[in-house]
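Novice: Got a sequence here, can you model it:
(one chain, ligands or ions: 1)
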Amino acid sequence: MALELPLLMNDLSREYFSIKEEIDEAIKECIDTTSFIGGPQVSLFETEFAKAVSKDFCISCGNGTDALYIALKSFDLDINDEVIVPALTWISSSETITQAGAKPVFADIEEGSWVITLDSIKKVLSSKTKGIVVVNLYGKLANISQIASFAKEHNLFVIEDCAQSHLAKNSKLKHYSESDISTYSFFPGKNLGAYGDAGAITTNDSEIANFCRLYARHGSLKKGNHIIEGINSRMDTIQASILAVKLKYLLKNTEKRIQNAILYHKHLSVIKQINIPMLSSGLSHVYHLYVINTDERDSLKKYLAEHSIFTNINYPIALPDQKCYKSNLIQASKDFRVSRYLARTCLSLPMHPFLLEDEIKYVAHKIQSFFEK
Ligand SMILES: Cc1ncc(COP(=O)(O)O)c(C=O)c1O
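Specialist: All right, here's what the predicted structure looks like:
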């Protein structure tokens, strides 16, 4: 079979055409009923998503950044408070801590899993620490159970940034997470992606759920009645109806991602010059991204592009080295060795549920030929 080139990081059109009729029908219904904001599809999606991740409450909102910001606002933070966050992640995880009134304190990530650990958290813990934002980077679940029980002992909150880890699950414990709040992005390229921006917060805590809903809706539950000042952050009806259709396929698509990761492992493990991601059993890694490491990252990226293979760098600069943080880092420990190593060497290969084995073989073959040059 001839390959369809170029190979994209994430081919959203293949997914769309696989469920086109259902998606088109869902969008048409919103338009036919002119139900653009606050239609019944929004609360329907909230109910279905809460069920899918085994949580009592789901509050939909405008995007994953808002979800983090709203979640953080529920902890009443001020300028003397510190919140621990990984030194390598998308900036939403840390900028929202500042926006919510506190100071982000960066913890280094662990080599191989690329997520923060209890050890790295303890290194930057201080008397001012109020909470921890744990990020399941690339789709790999951090050790939330361990972090959450430590946090409980020390009276700290835990927010789990699941923007890259929809349905990631501790298969040994058979549950999703023990964090106070989980936040999700439904950016189009995410494992569950809308056709625009969308996000959500999930929790089992009714007080947190009530606050988040209130805060995201101008502090108002009844039109014209404002209990607090809030923001306007809502998922529109078209996005909710698309997400409800796509949610039905999420588990199957997650399993396909894992199968594709296993195929990449099979074909890439013979190449000594690269490190491949950890292969976890069960759903503890849902491979939002399949990220390899090599010292020759930049020239490999260029070579793959010349052979019509698109790759990404997630992310090129560790957060403490970003201009916006560099000059005002307040923390004692500034050991970000692993985050800096990852920023220098990481390369995300094409990864999505509709990737074919021949395409994976082609990528692996080109990586091998790069190192044999
Ligand atoms: C780890 C992480 N957190 C938060 C976000 C923010 O999500 P959004 O783009 O929907 O605001 C993203 C999106 O890229 C992300 O990857």
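Novice: Can you show me the helices along the protein?
Specialist: 12-18, 20-32, 40-52, 64-73, 92-99, 118-124, 144-153, 206-216, 237-247, 250-268, 297-306, 323-326, 337-345, 357-372 (DSSP state H).
Novice: same for the last one, what does it pack against?
Specialist: Just to be clear, that refers to helix 357-372. For helix 357-372, the packing partners by 3 or more CB pairs under 8 Å, 6 or more residues apart in numbering; DSSP states H and E come out as helix 250-268, helix 297-306. To be clear about C-beta, it is placed using only N, CA and C from the backbone, and glycine gets the same treatment.
Novice: Go through those helices and pick out the most buried.
Specialist: Scoring these by mean neighbour count under mean count of other CB atoms under 10 Å gives helix 250-268 as the most buried, with a mean of 18.
Novice: CA atoms only: put it into CSV for me.
Specialist: This file holds the C-alpha atoms of helix 250-268, laid out as CSV (Å, rounded to 0.1, in the frame of the first residue of the first chain):
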residue,chain,number,x,y,z
LEU,A,250,-12.6,7.6,23.4
LEU,A,251,-11.8,4.3,25.1
LYS,A,252,-11.4,2.5,21.8
ASN,A,253,-9.2,5.4,20.4
THR,A,254,-7.1,5.3,23.6
GLU,A,255,-6.5,1.6,23.2
LYS,A,256,-5.5,2.3,19.6
ARG,A,257,-3.0,4.9,20.8
ILE,A,258,-1.5,2.3,23.2
GLN,A,259,-1.3,-0.3,20.4
ASN,A,260,0.5,2.3,18.2
ALA,A,261,2.9,3.0,21.0
ILE,A,262,3.7,-0.7,21.3
LEU,A,263,4.3,-0.8,17.5
TYR,A,264,6.7,2.2,17.8
HIS,A,265,8.5,0.4,20.7
LYS,A,266,8.9,-2.7,18.6
HIS,A,267,10.4,-0.9,15.6
LEU,A,268,12.4,1.7,17.5
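Novice: quick one: contacts of it?
Specialist: Outside helix 250-268, the residues within contact range by CB atoms under 8 Å, 6 or more residues apart in numbering are 15, 52, 139, 166-167, 191-192, 274, 276-277, 279, 283, 285-288, 290, 292, 349, 351-355, 357, 360-361, 363-365, 367.
Novice: And for residue 99, the neighbour number?
Specialist: As a burial measure, residue 99 scores 15 neighbours (other CB atoms under 10 Å).
Novice: from memory it sits against residue 68, does it?
Specialist: No - Residue 99 is not in contact with residue 68 according to CB atoms under 8 Å; the separation is 9.0 Å.
Novice: And residue 109, how far from residue 339?
Specialist: According to CB to CB, to the nearest Å, residue 109 and residue 339 sit 5 Å apart.
Novice: what sits in contact with each of the two?
Specialist: Overlap of the contact sets of residue 109 and residue 339 (by CB under 8 Å, 6+ apart) consists of 86-88.
Novice: Give the ChimeraX command for selecting the buried subset of the contacts of helix 250-268.
Specialist: Here is the ChimeraX selection string for the buried members of the contacts of helix 250-268, based on 16 or more other CB atoms under 10 Å:
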select :15,52,139,166,167,191,192,274,276,277,283,285,286,287,288,290,292,349,351,352,353,354,355,360,363,364,367
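Novice: so which of the contacts of helix 250-268 also contact the ligand?
Specialist: Applying CB under 6 Å from any ligand atom, the subset of the contacts of helix 250-268 adjacent to the ligand is empty.
Novice: Which ones among the contacts of helix 250-268 lie within strands?
Specialist: 290, 292, 349 (DSSP state E).
Novice: quick one, what contacts the closest residue to the ligand within the chain?
Specialist: Nearest residue of the chain to the ligand: residue 64, at 2.5 Å (CB to the nearest ligand atom). The contact partners of residue 64, taken as CB under 8 Å, 6+ apart, are 92, 161, 163, 183-187, 190, 199.
Novice: Contact residues of the stretch 201-350 of the chain facing the ligand?
Specialist: Counting by CB under 6 Å from any ligand atom, the stretch 201-350 of the chain has no residue next to the ligand.
Novice: residue ranges with poor pLDDT in the stretch 201-350 of the chain?
Specialist: Across the stretch 201-350 of the chain, the ranges flagged by pLDDT under 70 are 281-283.
Novice: if we go to 50?
Specialist: The model of the stretch 201-350 of the chain has no residue with pLDDT under 50.
Novice: With just CA atoms, put stretch 21-29 into CSV.
Specialist: Written as CSV, here are the backbone C-alpha positions of stretch 21-29 (Å, rounded to 0.1, in the frame of the first residue of the first chain):
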residue,chain,number,x,y,z
GLU,A,21,-22.5,11.4,9.8
GLU,A,22,-22.8,11.5,13.5
ILE,A,23,-20.8,14.7,13.9
ASP,A,24,-22.6,16.5,11.1
GLU,A,25,-26.0,15.5,12.6
ALA,A,26,-25.0,16.7,16.1
ILE,A,27,-23.8,20.1,14.7
LYS,A,28,-27.0,20.4,12.5
GLU,A,29,-29.2,19.9,15.5
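Novice: Go through that stretch and flag the buried ones.
Specialist: Residues 22-23, 26-27 are the ones in stretch 21-29 that count as buried (16+ other CB under 10 Å).
Novice: any chance of the contacts of residue 64 in CSV, plus distance to residue 219, pLDDT and neighbour count?
Specialist: Below are the contacts of residue 64 laid out as CSV (distance: CB to CB, whole Å; pLDDT from 0 to 100; neighbours: other CB atoms under 10 Å):
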residue, distance to residue 219, pLDDT, neighbour count
92, 23, 98, 23
161, 24, 97, 29
163, 25, 98, 29
183, 20, 98, 32
184, 23, 98, 29
185, 24, 98, 28
186, 24, 98, 31
187, 26, 98, 19
190, 28, 98, 21
199, 19, 98, 29
